[in-house]
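Participant: kindly generate the corresponding structure for this input.
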Amino acid sequence: MPPLVGFRAHSGKIGLRKQDGIIVELWRTSIDTNSDGFRANREAMNALLEEIEAQLEVALAGGGERSVERLRKRGKMMIRERIELMLDRDSPFLELSPLAGWGTDYAVGGGFVTGIGVVSGVECIIAGNDPTVLGGAITPIVGKKIDRALEISRLNRLPYIQFVESAGADLRGGSGSSGSFEDAMRRQLSHFAESGRLFHDITELSAMRIPTVSVVFGSSTAGGAYQPGMSDYNIFIRERSKVFLGGPPLVKMATGEDSRDEELGGAEMHATKSGLADYLAEDEIEALRMARSVMRHLNWRKLGPGPTMPADEPLYSRDDLLGLLPVDLRTPMDIREIIGRIVDGSRFEEFKPLYGRTLVTGWASIHGFPVGIIGNNGVIFSEESEKAAQFIQLCNQIDVPIIFLQNITGYMVGKVYEQGGIIKDGSKMLNAVSNSKVPHITIIIGASYGAGNYGMSGRAYDTRFIFTWPTAKISVMGPKQFAGVMSIVRRGSAAAKGLEFDEEEDARVTVAVEDRIEKTSLALYATGRVVDDGIIDPRDTRTVLGITLSACHNGEIKGAEGYGVYRM
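Facilitator: Numbers count the residues shown, from 1 in each chain. You can find the predicted model right below:
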């Protein structure tokens, strides 16, 4: 590391260095990577990563050996093999929600793959059924993945490519085999009503001049037939693609008509008679080549600016990220240590460093893209709320995306803070987050509790992308706090009814509640229900941010209008 020529008096950790004739601010680490605490943190993180890796292997296995073998005997490729051949050579594929379905009645991964990749030089969303899992049926988990993929496509102006091979909607009632028949039918009706949004969103993309391309690799029945029906471009494969509203059995039941697959909905019929197929391929390889050709002729142009800053590597090793976060999330950690290991050259110009110290704000760049960064160093007070609101307005004024690094237990509570206006001030921060128009990308590294999740641009705030570290915990509040609150409520209820309070039973229930909240707050639980876009290895944080920032810049990067910056 080049010599530091000066330090800011407020922290002793921000250094100044002359680079290319300009004095820049650097983050100077104070972490001892040989300490017992650091080693313990790293071991705990590695254990979590091993568990994540094991689940990823389950997802990659699809429907299991027998289903994969059956697919190969038909001369077909696995979904990820198709994607790999579709992508530009040596380009990355950022898979989204790969562990969706974990902890549910459905397969890990859900039987559907979505992600961001580059095809013929164009950044795209690629989404496809895995036919080895329930024949590619659209379950509620698949529905959530599709909805999120379409949302990301719409928000970031990314062309949408879908690989279609689906048995249609899951007819088991939307929850495996569990529950009564009536419950299953109720879930099935709800799933049916919600899944129709898919057709609306595909056509909405087209209306927004975001191209949609379907490559049909197999059967696409009933509602699934509208996936290519709503697409701008359709590529069918001879004797493989089968697209019809009702297959031969249903047609026989409805009309008494006898028909064969090919004449009812085969690829050649759609290419020569119905006009649904725009391109007719002889095999899967040719279909993928045709899809690449379609992307090539789009004359696609990104509307946002390209990288404008030096994209040099951070001064500190990304491996350090494994040991920075304490095992006990209640233990304080300086978020600047993480910032210094993900931003270009570890350069970070901190904004308002002496005010609202439990919230860190400042300017940096990641892979050459200028960004604003908001990170937690503790609970949010009124000062932190006002600081964040002003900083968000400044980012909107200069059209700069915002990176949120969440490790937050929430907004401060108590008589002093309520009287001091924490609701009013917290609302200012929420208002700024809600009305911000520049892209938000959120990384949940630790705790994400209560309204802190909202104020730090959680899933509900049109966040462009949201990823979690294996250590993340997402809940209304911490397990101990939740269990304690419920105990106080039970005690008050007993007193109001004049009943004797059972201390032993309360202790048993408190432990059970705490255990339940702990389990349902874990990163795996959240990602299994598509609350985030995936769990990432902390060492990949900078790469993931680079890919997603580039994706965001497909659209115009323009901040909110209608008001200037005002001090809260």
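Participant: now stretch 116-136: mean pLDDT?
Facilitator: Stretch 116-136 comes out with an average pLDDT of 95.
Participant: ok, now stretch 468-477?
Facilitator: Computed over stretch 468-477, the average pLDDT equals 90.
Participant: how about stretch 554-562?
Facilitator: 91.
Participant: can you list the residues that contact it?
Facilitator: Outside of stretch 554-562, the residues within contact range by Cβ atoms under 8 Å, 6 or more residues apart in numbering are 123, 155-158, 302-305, 393, 395-401, 435-439. Where you see a C-beta, it was placed from the backbone N, CA and C, and this is true even at glycine.
Participant: give the buried subset of these as a ChimeraX selection command.
Facilitator: For the buried members of the contacts of stretch 554-562, the matching ChimeraX selection, counting by 16 or more other Cβ atoms under 10 Å, is:
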select :123,155,156,157,158,302,304,393,395,396,400,401,436,438,439
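Participant: now intersect the contacts of stretch 554-562 with the strands, please.
Facilitator: Residues of the contacts of stretch 554-562 located in strands (DSSP state E): Glu123.
Participant: so which of the contacts of stretch 554-562 belong to helices?
Facilitator: Among these, the subset assigned to helices under DSSP state H consists of 155-156, 393, 395-397, 435.
Participant: which stretches of this structure have low pLDDT?
Facilitator: For the chain, the stretches flagged by pLDDT under 70 are 1-27, 168-169, 171-196, 223, 248-249, 251, 563, 566-568.
Participant: could you dump the ones in helices among the contacts of stretch 554-562 into JSON lines and include distance to Met309?
Facilitator: Shown next, in JSON lines, are the ones in helices among the contacts of stretch 554-562 (distance: Cβ to Cβ, whole Å):
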{"residue": "Leu155", "distance to Met309": "24"}
{"residue": "Asn156", "distance to Met309": "21"}
{"residue": "Gln393", "distance to Met309": "22"}
{"residue": "Cys395", "distance to Met309": "15"}
{"residue": "Asn396", "distance to Met309": "19"}
{"residue": "Gln397", "distance to Met309": "18"}
{"residue": "Asn435", "distance to Met309": "27"}
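Participant: pick out the most distant pair among those residues.
Facilitator: The largest separation in the ones in helices among the contacts of stretch 554-562, counting by Cβ to Cβ, is between Asn156 and Gln393 at 22.5 Å.
Participant: how far off centre is stretch 67-78?
Facilitator: 30 Å (Cα atoms, centre = their mean, to the nearest Å).
Participant: measure that stretch end to end?
Facilitator: 10 Å (Cα to Cα, to the nearest Å).
Participant: could you pull out the buried residues of it?
Facilitator: In stretch 67-78, counting by 16+ other Cβ under 10 Å, buried: 67-68, 71, 76-78.
Participant: closest one of these to Asp130?
Facilitator: For the buried residues of stretch 67-78, the nearest to Asp130 is Met78 (7.5 Å; Cβ to Cβ).
Participant: touching, Thr358 and Gly375? I think so.
Facilitator: No: in this structure, Thr358 is not within contact of Gly375 by Cβ atoms under 8 Å, at 10.1 Å.
Participant: could you pull out the helices for the stretch 201-350 of the chain?
Facilitator: 226-229, 248-255, 261-265, 267-269, 284-296, 321-324, 336-339 (DSSP state H, counting those that start in this stretch).
Participant: other SSEs contacting the fourth one?
Facilitator: The criterion is 3 or more Cβ pairs under 8 Å, 6 or more residues apart in numbering; DSSP states H and E, and the helices and strands that helix 267-269 contacts are helix 261-265.
Participant: which residue sits closest to Ile335 in space, ignoring its chain neighbours?
Facilitator: Distances taken as Cβ to Cβ, 6 or more residues apart in numbering place Gly375 nearest to Ile335, at 3.6 Å, with adjacent residues excluded.
Participant: how far away is the nearest residue to Gly410 once chain neighbours are set aside from Gln406?
Facilitator: The shortest distance from Gly410 to any non-neighbouring residue, by Cβ to Cβ, 6+ apart, is to Gly450 (3.7 Å). Counting by Cβ to Cβ, to the nearest Å, the gap between Gly450 and Gln406 amounts to 12 Å.
Participant: ok, Thr520 next?
Facilitator: Counting by Cβ to Cβ, the gap from Thr520 to Gln406 is 18 Å.
Participant: these two: who's more crowded?
Facilitator: The residue with more neighbours, out of Thr520 and Gln406, is Gln406; 27 against 15, by other Cβ atoms under 10 Å.
Participant: for that one, grab phi and psi.
Facilitator: When read as degrees, to the nearest 10, the backbone of Gln406 gives phi -90, psi 130.
Participant: wait, isn't it in contact with Ile445?
Facilitator: Yes: applying Cβ under 8 Å, one finds Gln406 in contact with Ile445, separated by 6.5 Å.
Participant: need the residues touching each of those two.
Facilitator: Ala472.
Participant: contacting residues for the residue of the chain positioned farthest from its centre?
Facilitator: Largest separation from the mean C-alpha position in the chain: Gly498, at 49.2 Å (Cα atoms, centre = their mean). With Cβ under 8 Å, 6+ apart as the criterion, no residue contacts Gly498.
Participant: next one: Val379
Facilitator: 358, 408-412, 452.
Participant: still on that earlier bit, go through the helices of the stretch 201-350 of the chain and name the closest to Arg459.
Facilitator: helix 336-339 (20.8 Å).
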